[in-house]
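> Below are the sequence and a predicted model; questions follow.
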Amino acid sequence: MTRPTLRQRPPRTLVLVGLMGAGKTSIGRRLASRLGLPFVDADQEIERAAGCSIPEFFDRYGEPAFREGERRVIARLLDQPLQVLSTGGGAFMDAETRALVRQRAHSIWLRAELDLLVLRTARRGGRPLLKDGDPKETLRQLMELRHPYYAQADITVDSGDRPAEETVDRVIESLQDYLDNQPPARASAADEPAMETRPQPAAVES
Ligand SMILES: Nc1ncnc2c1ncn2[C@@H]1O[C@H](COP(=O)(O)OP(=O)(O)O)[C@@H](O)[C@H]1O
Ligand SMILES: O=C(O)C1=C[C@@H](OP(=O)(O)O)[C@@H](O)[C@H](O)C1
Ligand SMILES: [Mg+2]
């Protein structure tokens, strides 16, 4: 079976948003590898910068400090060359981050059903927001609160109960559709030369 490829190099960094367990980290890593781009996960960058895990960060400094750090780290990452950037589930709730993502990147919402999020988040701990109380109820409330913000992303892709590579296929197809329908001004970052004038790396299609 041939897997879909992108016909062009994405003009901007690709930012994955969505709830905990949607697959931002795992799908983001696979997407980057399929497109031949660097991958970065904002949570892992925060852990590296802070020298502790996300749960330890929440314990020591609290959620507001985490959100502040998250905003700064994402702003720094959006200054870097083209890459795939997976964010933590709360990042896109921040108005400054949303504005910056809109200006510098293309955003992709990985949307998943509640029961699937519950299943996936149960497999791996390390998510302080799900530590206390009923994770399903917490995720349900977060869904209600956050979905209207995630819906502002440029592209929405369902991250269903399918093999991860199939979800990556859907992301690539939706991204291609989206790029095909972009006016030239929006297709390239304002502070970079338009992609037609830039030297093109050889291998995005593999
Ligand atoms: N088809 C799939 N798509 C995405 N994640 C999947 C899939 N199947 C299993 N998983 C697992 O679900 C979890 C998703 O978590 P993760 O990628 O960390 O999501 P997020 O970063 O959005 O919280 C991972 O353990 C991943 O291996
Ligand atoms: O939804 C959130 O507020 C959070 C999601 C987590 O990332 P993932 O969405 O990658 O699990 C992590 O940033 C932190 O635990 C807070
Ligand atoms: Mg993640």
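Good, I have the coordinates. Ligands and ions are numbered 1, 2, ... in the order given.
> now the strands for this protein?
Taking DSSP state E, the strands of the chain run over residues 13-17, 39-41, 84-86, 105-111, 155-158.
> okay, those in TSV with distance to Leu6 next?
To be clear about C-beta, it is placed using only N, CA and C from the backbone, and glycine gets the same treatment. Output for the strands of the chain, formatted as TSV (distance: least, Cβ to Cβ, whole Å):
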stretch	distance to Leu6
strand 13-17	10
strand 39-41	15
strand 84-86	12
strand 105-111	12
strand 155-158	13
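> As TSV, these with mean pLDDT, distance to ligand 1 and mean neighbour count would be great.
As requested, the strands of the chain are arranged in TSV below (pLDDT from 0 to 100; distance: least, Cβ to the nearest ligand atom, whole Å; neighbours: other Cβ atoms under 10 Å):
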stretch	mean pLDDT	distance to ligand 1	mean neighbour count
strand 13-17	99	8	27
strand 39-41	98	7	20
strand 84-86	98	6	28
strand 105-111	98	7	24
strand 155-158	98	10	18
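> Dump those strands to TSV, plus distance to ligand 2.
Putting the strands of the chain into TSV (distance: least, Cβ to the nearest ligand atom, whole Å) gives the following:
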stretch	distance to ligand 2
strand 13-17	9
strand 39-41	7
strand 84-86	7
strand 105-111	10
strand 155-158	16
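> low pLDDT regions in the protein?
Within the chain, the stretches with pLDDT under 70 are 185-206.
> before we move on, back to that, Arg48 is nearest to which of the strands of the chain?
For the strands of the chain, the distance to Arg48 is smallest for strand 39-41, at 10.0 Å, taking Cβ to Cβ.
> I am finished for the moment; much appreciated.
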